[in-house]
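J.: A predicted structure for the sequence below; I have some questions about it.
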Amino acid sequence: MLVNTKTIVPMTDANQNFSKVVHTVDENGMAVIMKNNKPRYVIVDFDEYDNIAAAMQMRKAKIDNAAEKILNENMEALAELAK
């Protein structure tokens, strides 16, 4: 995962100065909080969160539809295997 260096906030800064995190989100759309020198948390604007949640819901629906289609197309074989 590529991380824009402008969005990185160390955990200690986030703990001591949360307004820095908020300012970073306002400027860049997100903040990546580092813990033990690794990206650990992402803070995003609530509108962006809504977009992410909607995309995840659409992805789940596509996977569910694909699984249902595969099951329906192979029901005979699955019934035979279940014997």
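T.: Sure thing, it's come through. Residues are numbered from 1 along each chain as shown.
J.: Quick one: low-confidence residue ranges for the protein.
T.: 1 (pLDDT under 70).
J.: per the record, what domains does it have?
T.: 1-44, 45-83 (automatic domain parsing).
J.: ok, now how distant is the residue most central in space within the chain from residue 78?
T.: Per CA atoms, centre = their mean, the C-alpha nearest to the average position across the chain is that of residue 52, at 6.6 Å. Using CB to CB, to the nearest Å, residue 52 is found at 35 Å from residue 78. Every residue, glycine included, has its C-beta placed from N, CA and C.
J.: What ranges does this structure have for its strands?
T.: Ranges of strands in the chain, per DSSP state E, are 8-10, 30-35, 38-44.
J.: Just say which of these is most tucked in.
T.: The highest mean neighbour count among those, using mean count of other CB atoms under 10 Å, belongs to strand 30-35: a mean of 18.
J.: Which helix runs longest in this protein?
T.: helix 46-73 (DSSP state H).
J.: what comes up buried for that helix?
T.: Using 16 or more other CB atoms under 10 Å as the test for burial, helix 46-73 gives no buried residues.
J.: how far is that helix from where the chain is centred?
T.: 13 Å (CA atoms, centre = their mean, to the nearest Å).
J.: please renumber so the chain begins at 20
T.: Okay, using 20 as the starting number, the last item reads as helix 65-92.
J.: orientation of that helix relative to strand 49-54 in degrees?
T.: With axes from the mean of the first three to the mean of the last three CA atoms, to 10 degrees as the basis, helix 65-92 and strand 49-54 are set at 90 degrees to each other.
J.: Next, the angle from helix 65-92 to strand 57-63.
T.: Using the same axes, to 10 degrees: helix 65-92 against strand 57-63 is 100 degrees.
J.: Test my guess that residue 97 contacts residue 90.
T.: Yes - if you go by CB atoms under 8 Å, residue 97 and residue 90 touch, sitting 7.1 Å apart.
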